[in-house]
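**Student:** here's a sequence, model it:
(2 chains)
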Amino acid sequence: MDISFALTGKGYVILASDTTAARSIVKMKVDEDKIKVLSPHLLMAYSGEPGDTVQFAEYIERNIRLYQIRNTYALRPPSAASWIRRTLADSLRSRKPYAVNLLIGGYDTSTHQPHLYWVDYLGTMSEVPFAAHGYGAYFALSLLDREDGLMSGSSYHDPEAPLEEGLKTLRRCLDEVAKRLVVTPEKYKVKVVDKDGVREIEI
Amino acid sequence: MSIMEYNGGSVIAMVGKECVAIASDLRLGNQALGISSNFQKIFQMTDRIFLGLPGLATDVTTLKETFRFRVNMYTIKEERELEPETFAHMVSSALYERRFGPYFIEPVMCGLQKTHDGSYKPFIAATDLIGCLNFAKDFVVAGTASSKLFGVAEGLWEPDLEPEDLFETCAQTLLNAVDRDAYSGWGAEVYVLTKDKVIKRTLKGRMD
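**Tutor:** Residues are numbered from 1 along each chain as shown, chains lettered A, B, ... in the order given. Predicted structure coming up:
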C-alpha cells in the first residue's frame, strides 16, 4: 500500500510519496516517482490500484497540458482540482471506475496562495491544510493535528511556517511512520511547489 | 457499513416566525477517520433558498454543481427568480432521474416563499435519496445524526420563534445531537434567513 503526505506552509505546498512499486508481497521497483508535475505550479501525488494510477495520472497530465496549449495559460489550482475531481466522480459511475487517490498541491500565481486538495477515488474533494493517503494517514494526521502543550498556541503543523520548518514537520511524519508502521517504505520522493514553480527536494 | 454513513455529516432546518434556519456540521470523514473539519454541506441556491446536502461527500459536490447549473438555467430561461417550492420539485426530480442508481444524498432545503399579497412564507422540505418529498411544518433533519436530531428538535422547537431565538434553538439542537454521533460534529455552521437579511454563523464544537 502506498503512502503519501502533503502539507501547506507560508507560500508553498510540500508533497511526499513513497517510491516503491509493489505487486502482492514483492517489491518490483524502489525508485518509482508517484508525483506528477501537471503544470508549472501544480503537483499531483497519486496512489491506488496499480495500472489505474499511471493511466489516470497521464490522462490528467495531458489534458491539463492541452488546456494550457489551447488557452496560453494554465488552469489555476482550484479549477484544475475541480476538473480532476469531476473526472473521478464521473468515472465512479462508469463501467470500470478508476481506483485512484490523489493529493493535489498548487500555488496560485494570481492570488499568491498555496492550495492543497485531498481527493479520493470516489471523487470526494476537500481543501485542507495537510493531508495523507494510505496507512500513513493514521499516524501522520494525528501528529499534524497535535497542539504543542508547552508553548500554547503553537502546533506541529503551522500554515504560516517557512519551508525549512515545513520540511522538518514532514520529517517528523516520515519518522513516525517508520517507527510505528509494520511495513515501512524506505525512500520518499519529496516535491515542493511555490512562487518559483516546482522542484524536488532530497530529504 | 452503509454508504450513507461513509463520510458522516448531518443537516437540520427549522421554521420560525417569518424566518427559517438551516444548520449543518463541518466534518468530512472516511468512516471513523476524520479528514477535514471544514467541509461545507449547506449551499445558497438563490437569495431566498438554502440547500443542505448530507450523505456521500462525492455526491455533495456533484449535486451542488448540478443544482447551481439547473437554477441558473431556470433563472435565465424563465427570466424570474426560482421559488423555494419549485426548487424542492427540481431537487426531487433530479434525484428520481437516478432512481435505480441514486446519488447517496438526503437533501434538506429551506427558503422564503413569496405569497400573493407580497409577503414571505417560511418554507422547509426534505427528500430521501430518490427524491420523495417531505414538506414539514416544524423542522426537517437528515444525516448520520438524524435520529438524535429528531429527539432534541422535538424537545426544543416551538412555533413562531423570532430569528435570534430560532438561531439559538437550531444551533443548540444540532450541537447537542452531533455530540452523540461519532460521524458528525467537528464544528458547525448555521444560516438564518429572514425577509431582508441572511445571518451566517460558524460555531465551534467538540473536536472528539
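**Student:** ok, longest helix in the chain?
**Tutor:** Because you didn't say which chain, this covers chain A. In chain A, taking DSSP state H as the definition, the longest helix is helix A:52-71.
**Student:** wrong one, chain B
**Tutor:** helix B:57-78.
**Student:** where exactly do the strands run in the chain?
**Tutor:** Since you didn't name a chain, this refers to chain A. Shown for chain A, the strands assigned by DSSP state E span residues A:4-9, A:12-18, A:21-23, A:26-29, A:35-39, A:42-48, A:100-108, A:113-119, A:125-127, A:130-133, A:188-194, A:197-201.
**Student:** my bad, chain B
**Tutor:** Under DSSP E, chain B gives strands at B:10-15, B:19-25, B:28-30, B:33-36, B:42-46, B:49-52, B:108-114, B:120-127, B:133-134, B:139-143, B:188-194, B:198-203.
**Student:** what would those look like in JSON lines with mean pLDDT and mean neighbour count?
**Tutor:** (Each C-beta comes from the backbone N, C-alpha and C, glycine too.) What follows is those, written out as JSON lines (pLDDT from 0 to 100; neighbours: other Cβ atoms under 10 Å in any protein chain shown):
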{"stretch": "strand B:10-15", "mean pLDDT": "98", "mean neighbour count": "30"}
{"stretch": "strand B:19-25", "mean pLDDT": "98", "mean neighbour count": "29"}
{"stretch": "strand B:28-30", "mean pLDDT": "97", "mean neighbour count": "21"}
{"stretch": "strand B:33-36", "mean pLDDT": "96", "mean neighbour count": "18"}
{"stretch": "strand B:42-46", "mean pLDDT": "98", "mean neighbour count": "19"}
{"stretch": "strand B:49-52", "mean pLDDT": "98", "mean neighbour count": "27"}
{"stretch": "strand B:108-114", "mean pLDDT": "97", "mean neighbour count": "25"}
{"stretch": "strand B:120-127", "mean pLDDT": "98", "mean neighbour count": "22"}
{"stretch": "strand B:133-134", "mean pLDDT": "98", "mean neighbour count": "15"}
{"stretch": "strand B:139-143", "mean pLDDT": "98", "mean neighbour count": "28"}
{"stretch": "strand B:188-194", "mean pLDDT": "98", "mean neighbour count": "23"}
{"stretch": "strand B:198-203", "mean pLDDT": "98", "mean neighbour count": "13"}
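**Student:** nearest to A:Gly51, of those strands?
**Tutor:** Nearest to A:Gly51, of all those, is strand B:28-30, at 22.9 Å by Cβ to Cβ.
**Student:** which strands and helices sit next to that closest one?
**Tutor:** Applying 3 or more Cβ pairs under 8 Å, 6 or more residues apart in numbering or on different chains; DSSP states H and E, we find strand B:28-30 packed against strand B:33-36.
**Student:** which residue is nearest the middle of chain B?
**Tutor:** B:Gly52 (2.8 Å; Cα atoms, centre = their mean).
**Student:** gap between that one and B:Thr127?
**Tutor:** Using Cβ to Cβ, to the nearest Å, we find B:Gly52 at a distance of 11 Å from B:Thr127.
**Student:** what do you get for B:Gly16?
**Tutor:** 22 Å.
**Student:** span of stretch A:27-39 from start to end?
**Tutor:** Length of stretch A:27-39, first residue to last, Cα to Cα, to the nearest Å: 30 Å.
**Student:** my bad, stretch A:37-54
**Tutor:** Termini of stretch A:37-54 sit 13 Å apart (Cα to Cα).
**Student:** what are the buried residues along that stretch?
**Tutor:** Across stretch A:37-54, burial judged by 16 or more other Cβ atoms under 10 Å in any protein chain shown covers A:37-39, A:41-48, A:52-53.
**Student:** circling back: identify the contacts common to B:Gly52 and B:Thr127.
**Tutor:** Any residue near both B:Gly52 and B:Thr127 by Cβ atoms under 8 Å, 6 or more residues apart in numbering or on different chains counts here, and that gives B:Pro107.
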